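**Q** Compute the structure for the input listed below.
(2 chains)
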Amino acid sequence: DTGVSQNPRHKITKRGQNVTFRCDPISEHNRLYWYRQTLGQGPEFLTYFQNEAQLEKSRLLSDRFSAERPKGSFSTLEIQRTEQGDSAMYLCATTSSAYEQYFGPGTRLTVT
Amino acid sequence: EDQVTQSPEALRLQEGESSSLNCSYTVSGLRGLFWYRQDPGKGPEFLFTLYSAGEEKEKERLKATLTKKESFLHITAPKPEDSATYLCAVQARDTPLVFGKGTRLSVIA
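**A** Have a look, this model is predicted:
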């Protein structure tokens, strides 16, 4: 257990529905990253925050995706109008520096 | 564009049979190379960070080395509990991690 928690652990939703995931970082970590991982692939960067500021978003990130980190604590990732291609593991990672990132257990999304 | 290629994709070893996993990379200004272990259905678990060519780090049966073009993860006398996917990632300056696809290791008793 790295101290990074994610909820829910599993989410099954129907195509077209909206979903929201939450990540609670290690308390002293000011940087928080979201990644997506599909079967047989490594994690792919989506977006990251330093404190409450969203500093970078992947060019691959659809405008159906939005992330927030109010007050620089927990973060949420929302996917609107889900598609079957959104089915993946969504991972959160945090760090107190720009180096080692510690990952949470992930949220597995299945879109039917 | 930063790229990471891991080989082999899958590796099956007998318990006690030592081997190495390879991570080849291209990056503009390497800040760090990272190794993670990932068990099925779980998030990646941090193992090592390497910063410069010639650096080596060890942890139990694992040893990671770094050159200017690649990194190796050496596994000495592996046990079944070492079975997992091993991921390599690079970071250039203040940028997100770029991961390879991983090597799936199976250690058979």
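**Q** For the closest residue to chain A within chain B, give me phi and psi.
**A** Here the residue of chain B nearest chain A is residue B:99; by C-beta to the nearest C-beta that distance is 3.0 Å. No exception for glycine: its C-beta is placed from N, CA and C like everyone else's. Torsion angles at residue B:99 (phi, psi; degrees, to the nearest 10) stand at phi -100, psi 150.
**Q** Can you tell me the element the spatially closest residue to it that is not a sequence neighbour falls in?
**A** Leaving aside its sequence neighbours, residue B:99 sits nearest to residue A:42 (C-beta to C-beta, 6 or more residues apart in numbering or on different chains; 3.0 Å). For residue A:42, there is no helix or strand it lies in under DSSP states H and E.
**Q** from memory the residue of chain B closest to chain A sits against residue B:91, does it?
**A** No. Between residue B:99 and residue B:91 no contact is recorded; they are 10.4 Å apart, counting by C-beta atoms under 8 Å.
**Q** So in chain A, where's the weakest helix or strand by average pLDDT?
**A** Scoring the helices and strands of chain A by mean pLDDT, DSSP states H and E places strand A:53-57 at the bottom, with a mean of 92.
**Q** List the contacts of that one.
**A** Contacts to strand A:53-57, defined as C-beta atoms under 8 Å, 6 or more residues apart in numbering or on different chains, come from residues A:46, A:47, A:48, A:49, A:67, A:68, A:69, B:95, B:96.
**Q** Tell me which two of these sit farthest apart.
**A** Distance extremes for those: the farthest pair is A:68 and B:95 at 21.8 Å, using C-beta to C-beta.
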